[in-house]
Structure formats: structure tokens, C-alpha cells
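**Student:** Have a look; sequence and predicted model below, questions after that.
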Amino acid sequence: MSDDSIGDSNIINPVPTDISNTQILTTQPNMATTNTLTVRPHTTPKLSNTQIIALSGALAGFLAGVSVCPLDVAKTRLQAQGALSESRLYKYHGISGTLSTIFKDEGIRGLYRGLVPIILGYFPTWMIYFTVYEKAKQVYPTLLRKHTGIDFEFLTHSMSAFTAGSVSTTVTNPIWVVKTRLMLQTGDGNSTINTNKNHYYKNTLDAFIKMYRNEGIRVFYSGLVPSLFGLFHVAIHFPVYEKLKTAFKCNEEYQNNSYKLLRLISASALSKMCASSLTYPHEILRTRMQIRSINGQQGGSHTLLKTIADIYKKEGALGFYSGFTTNLARTVPASAVTLVSFEYISRYLTKSLQ
């Protein structure tokens, strides 16, 4: 009912106001009928299951990105210095040594270099990933049963993870290229600051503009091929995580909430360690290709193979696992924060907004 209609009515014998009271009786003089004015109480907006999954994924990714940013910077420096250093006398060594060197040379800001693109990247990455992943988990079982008559649970989760990863990786790759450049902004393994005007960026927006102006649109998709190879990582990570959640009975209700939390953390950490150990070399290739033009190297049809050959020739087989320990120290807690946060946030939103 409109405000005008309320103004035209005369309330007879008003009762004390109560917001929970949904009816106010009104009458008009010389009228036998009684009009009823319905006051609708405030209601919480409802979200669909897809919206809850997307929002939960975005918030979980944001929390993970902020919490492990210093380790991400350290990992990137360790991965890149083999390509940027002319000698084997590297500046960064190990987790604590790299963090200490960065803090000493650049202060606390150095440990959070690239935080803006991390936040910009994790929001859409996990929002897209979890949304596509949950949808795919509904579609693939039907397709597999239709063509094989068998429900392959592990294969379903693997295909769902692969599909979700391919979509989110392709969409957000430009952000991660910028993030890598910014994390290498001050510290290339030799000098303190890379002062080349074409590769020194004031901020995230400046990086996007200069990279586009000096290197073209293709630069934002450098490293995409090894990133897509990295989909084997999620194709292992998430099915193993789902299996461990079932084995650890994470979906059961416990009186002690910390008991369930510990099981979820264990499932996410173990699955991440398993996937990272098997697929880590693709991260080295991706990082090296994303910084290729800093050294004046040009792309080509055999860039990936040439990158592999260069790493092996200069650093040996161990070069493909540069920064692996630091990577585990970063990705394992990041995975735990992301997956556990997603579980709890989605559960809370489901109860509150559905």
C-alpha cells in the first residue's frame, strides 16, 4: 500500500507499536467495513546456491591471498632468479633467508609487493573456479552414467576440477602476469631495483598500461600454456581432497567443532602436498615465461621447449624444483585457508541467506 493511502486513513484506537505485529486495523467514518493495512517485516535477501558458491569462493580466495602474500613474493623471487641472474651466485636462499633479505632490502612493503593484483586475481579466480566446479560435479556424473553405466566418482571430480581450472586460468591469466612482474619489481637476484623504464612499474594500473604499450596484448597471456599444463595439479588436488574428506568423515557433524576443523585442514594440506609434488615444474616454466621479455627475450613457436632446455642446461634437473620448499610453505597453508574458509563460509551463507 502506498504512503498516500496511509495518509487517507484514520487509525481508530491505536495499539502500542510493535514491529512484529503485521496487521494494523483501520476504519473510516460511517463505513461498515474495516480495512486491513499489512506492514511487511524486514526480510533478509535470499541468494541462490550458485550465488552462495561464487561469493564463498571469492571470500575464501581473498583470505588466502592476503595471508600468504609474503611467501608468494619469496617463492616468485626464488623461481625467477635463475633466469635473471647471470651467475650461480644467487641472492635468495631458502624460505627464511629470502624473507629476511627482502625485508632487509625493501622493508615490510617488499613482502607485500603485488598484493593488489593478488586480491584482484584471487577474487575472480576462486569465484569462477568453485562455481564451475560445483556445476560440473552435477553434470559429469550424468554424462558418465549415460555412456558407461558406471558412476566414476574420482574421474568426475577430476574432470570437474580440470574444467573449472581451465576456465578460471584463461580468464585471470593477465592478472597473474602483472602480479609476477610486480613481485619482481625490486630484486632480480643481482641488483636492488630494476630501473629499466619499460619494466619498472609504479603500481598495478601502471603495469597494465606499460605492458600493453610496450609488449602488446599477447604479453598478458604469456605463461598460459604451462599454466594450462598446471591443470593436472587441480585434477589431482581436488579429487584427492574429496576422497580425504570422505575418509576423514569431514561431512559429519561433531559436537566439538575444532575436531572437524582439524580434519578439514588435514585433508586440504595432504591433498595439496600430493598434487604440488607431482606438478610443480609447470610453475617454474610459467614464471620464467612470464618474465621472458624483461631479459629482452622474444616469444616464438618453440618458447616452451626452449625454456625447458635453458633451465636444464643452466640449472640441471633441480632447476625445475627451484623454490619448491618455499612453495609448499606457501601453498599448503593457502590451500587450507581457501578450502576450509570455503566450507565454513558457504555453510554459514546457506543457513543465513537461503
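**Tutor:** Arrived safely, thanks for sending.
**Student:** mind listing what Met183 touches?
**Tutor:** By CB atoms under 8 Å, 6 or more residues apart in numbering, the contact set of Met183 is Asp72, Val73, Thr76, Arg77, Arg113, Gly114. From N, CA and C alone the C-beta is placed, and that goes for glycine too.
**Student:** hmm, 10 Å instead?
**Tutor:** The neighbourhood of Met183, defined by CB atoms under 10 Å, 6 or more residues apart in numbering, consists of 69, 72-77, 79-80, 102, 110, 112-115, 117-118, 287, 291.
**Student:** Could you write me a ChimeraX select line covering just the buried ones among those residues?
**Tutor:** Only the buried members of those end up in this ChimeraX selection, burial being decided by 16 or more other CB atoms under 10 Å:
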select :69,72,73,74,75,76,77,79,80,102,110,112,113,114,115,117,118,287,291
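**Student:** Counting only strands, which of the contacts of Met183 make the cut?
**Tutor:** Judged by DSSP state E, the subset of these located in strands is empty.
**Student:** Give me the below-cutoff pLDDT ranges for the stretch 151-300 of the chain.
**Tutor:** Residues of the stretch 151-300 of the chain that meet the criterion pLDDT under 70 lie in 186-199, 254-255, 293-300.
**Student:** Next, name the residue at the spatial heart of the protein.
**Tutor:** Tyr122 (3.4 Å; CA atoms, centre = their mean).
**Student:** Tell me how far it lies from Arg181.
**Tutor:** Here Tyr122 is placed at a distance of 17 Å from Arg181 (CB to CB, to the nearest Å).
**Student:** Ok, Ala164 next?
**Tutor:** Relative to Arg181, Ala164 is positioned 26 Å away (CB to CB).
**Student:** my read: the residue nearest to the centre of the chain touches Thr172, true?
**Tutor:** Yes: in this structure Tyr122 lies within contact range of Thr172 using CB atoms under 10 Å: 8.8 Å.
**Student:** who touches both of the two?
**Tutor:** Taking CB under 10 Å, 6+ apart as the contact definition, Tyr122 and Thr172 share the neighbouring residues Lys179.
**Student:** any chance you could map the strands in this protein?
**Tutor:** For the chain, the strands defined by DSSP E cover 23-27, 34-38.
**Student:** Which of these has the lowest mean pLDDT?
**Tutor:** Within the strands of the chain, the least confident segment by mean pLDDT turns out to be strand 23-27, at a mean of 46.
**Student:** The stretch 101-250 of the chain: helices as residue ranges?
**Tutor:** Applying DSSP state H, counting those that start in this stretch to the stretch 101-250 of the chain gives helices spanning 108-111, 115-148, 153-183, 204-215, 224-229, 231-247.
**Student:** Including distance to Gly97, could the ones you listed go into CSV?
**Tutor:** Rendered in CSV, the data for those read as follows (distance: least, CB to CB, whole Å):
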stretch, distance to Gly97
helix 108-111, 14
helix 115-148, 22
helix 153-183, 17
helix 204-215, 27
helix 224-229, 27
helix 231-247, 26
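**Student:** what about the ones you listed, which gets the closest to Asn49?
**Tutor:** Of all the helices of the stretch 101-250 of the chain, it is helix 115-148 that lies closest to Asn49, at 8.0 Å by CB to CB.
**Student:** Count the neighbours of the closest residue in space to His233 that isn't next to it in sequence for me.
**Tutor:** Take His233 and drop its neighbours on the chain: the residue closest to it by CB to CB, 6 or more residues apart in numbering is Thr279, 4.1 Å away. By other CB atoms under 10 Å, 18 other residues sit near Thr279.
**Student:** my read: Asn173 touches Ile217, true?
**Tutor:** No: using CB under 10 Å as the test, Asn173 is too far from Ile217 to be in contact (11.8 Å).
**Student:** Compare neighbour counts for these two and give me the winner.
**Tutor:** Here Asn173 and Ile217 are compared on neighbour count by other CB under 10 Å; more neighbours surround Asn173, at 21 against 9.
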